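Q: What shape does this take:
(one chain, ligands or ions: 1)
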Amino acid sequence: MMDSRYEIQQRGGGGGGSGNSGQSWGSLSGSPALTGRQSRRRKLQPRPADFKLQVIIIGSRGVGKTSLMERFTDDTFCEACKSTVGVDFKIKTVELREKKIRLQIWDTAGQERFNSITSAYYRGAKGIVIVYDITKQETFDDLPKWMKMIDKYASEDAELLLVGNKLDCEADRKITRQQGEKFAQRISCMRFCEASAKDNYNVDEIFLKLVDDILNKLPLELPRKELSNSILSLQPEPEIPPELPPARPNLRCC
Ligand SMILES: Nc1nc2c(ncn2[C@@H]2O[C@H](COP(=O)(O)OP(=O)(O)OP(=O)(O)O)[C@@H](O)[C@H]2O)c(=O)[nH]1
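A: Purely as a prediction, here's the structure:
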């Protein structure tokens, strides 16, 4: 059974769901019978995604943003990975609430010198994962700085999730779980959890809960065309960052 310390706090709404990265295939009924080489060549196309969502991961240098993303998308962990330069992204398709969602995850550099580049990616994000390292006090102290970035550049309705990473390093812990919880409680609609990219603990939960919260806000029964014209885009992923948004008048952080 999962230790309750690791469960993501609930704040009402949002039924659960299970994700997977596999492809769904269309129905075979009605297809003419195929044999041998012919059947191998004439594979059905995967069902297209119902939605495309963008999620961004932010936080100070070395907290494990890339590691969380790669654990989720590829189930890999790198003990000594290179620092991210600018922005990187990965795609994973998940299924939740009988919808197929193409999740585009933007992994941003934690170094401040890249802020002018990374800030351009905030606006398109429907979900934001803010990460700190439970063994490094300064990464927790930096959180108000990241909240200012969110207030300035992100969409006001973006879902927020605070993650204390490196839970496997309990012996070196500097930030208590209560401190993380307290910080999240001060921010409107922010979830909180602790995780370990190394031990693959709570990683799927982070992204799936965020997607579930995002879906919870969307009118899922609208026809696809209407959705793509409003909140979601079914176009190919942008190669360049979206335009910078206007500054937001109200700070989320108290
Ligand atoms: N013990 C432990 N180490 C981790 C964990 N997650 C990441 N690391 C390590 O922390 C270091 C930094 O991880 P990254 O994923 O590159 O961190 P980042 O936040 O993307 O760093 P920047 O790109 O510089 O902003 C690497 O050596 C990882 O192996 C974790 O859950 N536990």
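Q: What residues does the stretch 51-200 of the chain have near the ligand?
A: 59, 61-67, 78-81, 83-84, 109-110, 165-166, 168-169, 196-198 (C-beta under 6 Å from any ligand atom). Bear in mind the C-beta positions are built from the backbone N, C-alpha and C, glycine included.
Q: give me that answer again for 8 Å
A: 57, 59-70, 77-84, 107-111, 131, 133, 165-169, 195-199 (C-beta under 8 Å from any ligand atom).
Q: Output stretch 204-218 as PDB - backbone C-alpha positions only.
A: What follows is stretch 204-218, C-alpha atoms only, in PDB (Å, rounded to 0.1, in the frame of the first residue of the first chain):
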ATOM      1  CA  ASP A 204       3.200   9.300 -12.800                       C
ATOM      2  CA  GLU A 205       0.900  10.700 -10.200                       C
ATOM      3  CA  ILE A 206       2.300  14.200 -10.600                       C
ATOM      4  CA  PHE A 207       1.600  14.400 -14.300                       C
ATOM      5  CA  LEU A 208      -1.600  12.400 -14.300                       C
ATOM      6  CA  LYS A 209      -3.100  14.400 -11.500                       C
ATOM      7  CA  LEU A 210      -2.200  17.700 -13.200                       C
ATOM      8  CA  VAL A 211      -3.800  16.500 -16.400                       C
ATOM      9  CA  ASP A 212      -6.900  15.300 -14.600                       C
ATOM     10  CA  ASP A 213      -7.200  18.800 -12.900                       C
ATOM     11  CA  ILE A 214      -6.800  20.400 -16.300                       C
ATOM     12  CA  LEU A 215      -9.500  18.200 -17.900                       C
ATOM     13  CA  ASN A 216     -11.700  18.800 -15.000                       C
ATOM     14  CA  LYS A 217     -12.000  22.400 -16.000                       C
ATOM     15  CA  LEU A 218     -12.600  21.700 -19.700                       C
END
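Q: Next, the buried residues of it.
A: For stretch 204-218, the neighbour count (16 or more other C-beta atoms under 10 Å) marks 204-215, 218 as buried.
Q: what residue ranges in the stretch 51-200 of the chain are flagged as low confidence?
A: Judged by pLDDT under 70, the stretch 51-200 of the chain has no weakly predicted residues.
Q: mind listing the strands for it?
A: In the stretch 51-200 of the chain, the strands defined using DSSP state E, counting those that start in this stretch lie at 51-59, 87-96, 99-108, 127-133, 159-165, 190-194.
Q: Mean neighbour count for those - can I get that in JSON lines?
A: Below are these laid out as JSON lines (neighbours: other C-beta atoms under 10 Å):
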{"stretch": "strand 51-59", "mean neighbour count": "25"}
{"stretch": "strand 87-96", "mean neighbour count": "18"}
{"stretch": "strand 99-108", "mean neighbour count": "22"}
{"stretch": "strand 127-133", "mean neighbour count": "25"}
{"stretch": "strand 159-165", "mean neighbour count": "26"}
{"stretch": "strand 190-194", "mean neighbour count": "22"}
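Q: Let me know which of those is the nearest to residue 118.
A: Among these, the nearest to residue 118 by C-beta to C-beta is strand 99-108 (4.0 Å).
Q: what's the angle from that closest one to strand 51-59?
A: Orientation of strand 99-108 against strand 51-59 (axes from the mean of the first three to the mean of the last three C-alpha atoms, to 10 degrees) gives an angle of 30 degrees.
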